[in-house]
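>>> 3D, please:
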Amino acid sequence: MKISTAWKHPTCHAVQRWLVALVALLLSAMAAPSCGGGVRQASPGGSARGRLAGNVLVGDYAGSRACQGCHADVFARWLRSPMHRMTRDAANTEVAAPFSGESFVLRGDEARMLAEGGRRYVRLTSKYDGERLYRVTKVIGGRYREDYAGVEVSGTEANARMLSDEYVLPVSFLRFSRDYRYKGYSVMTPERPGLKRGARWRTTCIFCHNTVPYLSTVLDELHGEGAPVYQGSASVELPAERRSKFTITDEAALGRALHAELERLGADNQPADDILAELRAAIVATRRYFGEQHLVELGVGCEACHGGARAHAADPSHVRPTFSLVSDFVRVSAPGGGTPTPAQDVNRTCAKCHTVLFTRYPYTWEGRSRDHAPGGSHINSGEARDFALGGCSAQLACTRCHDPHAEDARERLEALGGEPGDALCVQCHERLRAPAARRTHTRHAPGSAGSRCLGCHMPKKNMALDYGLTRYHRIGSPTDRERVEGDRPLECALCHADKSVGELVTAMERGWGKHYDRAALRKLYGVNLGTNAILVTLERGKPHEQAVAAHVAGRARLEVALPLLVPVLGNEYPLVRFYAARALESITGRPPPFDAHAPAAELVENAQRWALQLGVRQQEPSGRKP
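Predicted coordinates:
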């Protein structure tokens with residue numbers, strides 16, 4: 001199956017003539033400056049007065065600084081936003097981690113964090129590569145954790161020789177707990193035997209965490225099936241009925257644009273036999289040559305979402321930017337055909353990055369698998385893809401809930417779980433505005449947690465960045481058969497943590513006129529459906545399901561869950577172990593005295609010894625088949 005970015009916003013604009021493209025290159029030095037200091041190229045197509053001619057080629061971009069004069073307040077908030085700060089030059093930003101000689105150890109390998117002469121270093125001692133010194137050049141993220149990229153150097157002096165390309169370094173600093181973690185354990189990566197530097201920064205993090213010309217991000221979408229994988233390939237295919245369709249309308253114009261892009265990258269630019277061959281050549285060249293110098297700017301800038309806005313910056317009174325695709329060689333159709341709605345244009349923009357199923361973890365929600373008709377993602381950063389799978393994406397834009405220009409205040413997001421979220425939903429679902437209708441619909445008392453729209457239709461069941469849970473953005477119902485018979489725990493158990501599988505299923509059947517297959521439920525939960533839904537998920541669940549159950553057990557302080565949480569510390573995915581450790585601390589009120597990075601067997605042995613000291617006895621798991 002093709003690894004695709006099918007739901008990303010392919011915005012492209014053709015080079016009209018090769019001569020005009022050449023002139024554009026000569027004029028690039030005169031282009032308006034931007035925050036990141038990347039390549040600037042004048043727009044080859046220009047625009048008629050009052051009409052945006054294109055918003056996807058590098059020449060269509062002006063950089064965020066061009067927005068500052070007219071949008072000073074928004075610009076100031078944006079500079080401080082986590083999204084803009086997604087990638088920062090380490091020499092010109094604050095860093096949360098101390099870098100004062102502290103070390104992080106994993107299976108005998110060590111990363112020591114150092115600072116000297118105003119520069120930060122990671123000295124990596126590893127069974128893989130021996131001892132190597134890396135100068136930190138990039139700080140990635142920073143709201144919940146910091147990751148780092150760096151170059152290997154021969155010493156800490158200012159003129160030390162650089163020995164490598166920039167690589168993602170194998171250690172993260174967690175701002176919420178003020179400690180370090182192996183970088184790979186931020187997602188569902190299996191246990192690792194030691195520390196090893198990651199992949200090249202320019203072939204991994206660079207597209208979603210910075211401002212890139214849209215053409216560069218959608219080369220595989222324009223190619224279709226069989227396209228090579230490259231930096232722009234970030235997501236898994238959506239079902240056909242949920243996918244936007246991109247149609248090349250002028251192959252010659254696209255070919256000229258690709259020719260100019262190959263020249264910009266400094267790649268071999270031999271004539272190709274057809275447009276697919278030209279697209280493949282552009283993808284290979286992007287994979288091989290695209291680097292920081294080819295960005296519009298470092299970090300996520302204004303035009304990462306608004307598209308190339310050079311024409312608007314030059315004539316703001318008459319030329320307006322747009323989230324729609326503006327190109328003379330490709331057009332986009334909405335899922336099912338037709339012109340995309342404004343909400344679909346916005347959501348497709350967000351989905352350029354928030355559309356991933358991380359790593360090769362094989363499972364998704366709805367009882368699906370990653371490589372076969374995948375369901376929703378289980379973890380942070382897949383929200384826009386999940387939203388596309390739900391029922392509201394044609395009319396509701398991501399920006400109705402999320403502030404695109406600043407950090408989302410936790411208080412504001414939490415408030416959406418109450419009356420403000422209800423008010424948003426009833427703008428379309430007018431029949432549910434009346435309290436009597438709401439009671440009939442929810443089977444819960446008006447004003448209670450069970451009567452709130454987002455509580456049931458966007459439940460908190462996805463793994464967040466801080467070992468908590470965040471909302472699942474595939475808008476549906478906890479009574480949907482696919483969820484009830486395919487996922488653990490039942491979504492109603494997220495609130496009703498004391499209830500059994502049988503109690504919850506019977507209540508749903510009685511309240512909403514549903515009927516669920518008991519054989520399917522026994523396959524998930526065991527033959528005894530009288531067992532507690534959270535406890536049996538801890539025992540029998542898939543890893544991402546166990547993480548959810550661990551969090552709920554900790555939040556509810558289910559002491560009966562303690563014997564079942566200890567084995568979860570041996571999960572093959574270390575990220576799940578952190579959820580179990582957090583739950584143990586929440587229930588006992590004591591920080592577990594063991595290293596959550598230890599090998600699984602050692603971790604479970606230490607946890608069992610600690611549990612015995614607390615008087616916790618092992619018990620027969622409640623959901624085991626006889």
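
>>> what domains does the record give for the chain?
The chain is divided into the following domains under automatic domain parsing: 3-82+214-350, 95-203, 359-476, 478-626.

>>> all helices of the stretch 251-400 of the chain, in order?
Using DSSP state H, counting those that start in this stretch, the helices found in the stretch 251-400 of the chain span residues 251-265, 275-289, 302-306, 310-314, 342-350, 383-389.

>>> what's the residue nearest to the spatial centre of the chain sitting at in phi/psi?
Nearest to the mean C-alpha position of the chain, by CA atoms, centre = their mean, lies Ser381 at 1.9 Å. Dihedral pair for Ser381: phi 90, psi 0, per degrees, to the nearest 10.

>>> just Ala96 next, same as before
Dihedral angles (degrees, to the nearest 10) for Ala96: phi -80, psi -40.

>>> quick revisit: and the helices of the stretch 251-400 of the chain as CSV, adding distance to Ala158 and mean pLDDT?
Using the backbone N, CA and C atoms, a C-beta is placed for each residue, glycine as well. Converted to CSV, these look like this (distance: least, CB to CB, whole Å; pLDDT from 0 to 100):
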stretch, distance to Ala158, mean pLDDT
helix 251-265, 31, 96
helix 275-289, 28, 96
helix 302-306, 33, 96
helix 310-314, 37, 95
helix 342-350, 41, 94
helix 383-389, 43, 94
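
>>> kindly reformat these as CSV containing distance to Glu225 and mean neighbour count.
Formatted as CSV, the helices of the stretch 251-400 of the chain follow (distance: least, CB to CB, whole Å; neighbours: other CB atoms under 10 Å):
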stretch, distance to Glu225, mean neighbour count
helix 251-265, 18, 21
helix 275-289, 10, 20
helix 302-306, 27, 25
helix 310-314, 34, 23
helix 342-350, 20, 22
helix 383-389, 19, 25
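
>>> Gly108: which of these is closest?
Nearest to Gly108, of all the helices of the stretch 251-400 of the chain, is helix 275-289, at 34.5 Å by CB to CB.

>>> alpha carbons only: can I get the closest one in CSV?
Taking Å, rounded to 0.1, in the frame of the first residue of the first chain, the C-alpha atoms of helix 275-289 are listed here in CSV:
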residue,chain,number,x,y,z
ILE,A,275,5.2,13.8,-16.3
LEU,A,276,5.3,10.8,-14.0
ALA,A,277,9.1,10.3,-14.6
GLU,A,278,9.5,14.1,-14.0
LEU,A,279,7.7,13.8,-10.7
ARG,A,280,9.8,10.7,-9.7
ALA,A,281,12.9,12.7,-10.5
ALA,A,282,11.7,15.6,-8.3
ILE,A,283,10.9,13.3,-5.4
VAL,A,284,14.3,11.6,-5.6
ALA,A,285,16.0,15.0,-5.7
THR,A,286,14.0,16.3,-2.8
ARG,A,287,14.9,13.3,-0.7
ARG,A,288,18.6,13.7,-1.6
TYR,A,289,19.1,17.4,-1.6
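
>>> quick one, what contacts the residue nearest to Cys392 when sequence neighbours are not counted?
Counting by CB to CB, 6 or more residues apart in numbering, Ile475 is the residue found nearest to Cys392 once chain neighbours are left out, at 5.0 Å. By CB atoms under 8 Å, 6 or more residues apart in numbering, Ile475 lies in contact with Phe387, Gly390, Gly391, Cys392, His457, Met458.
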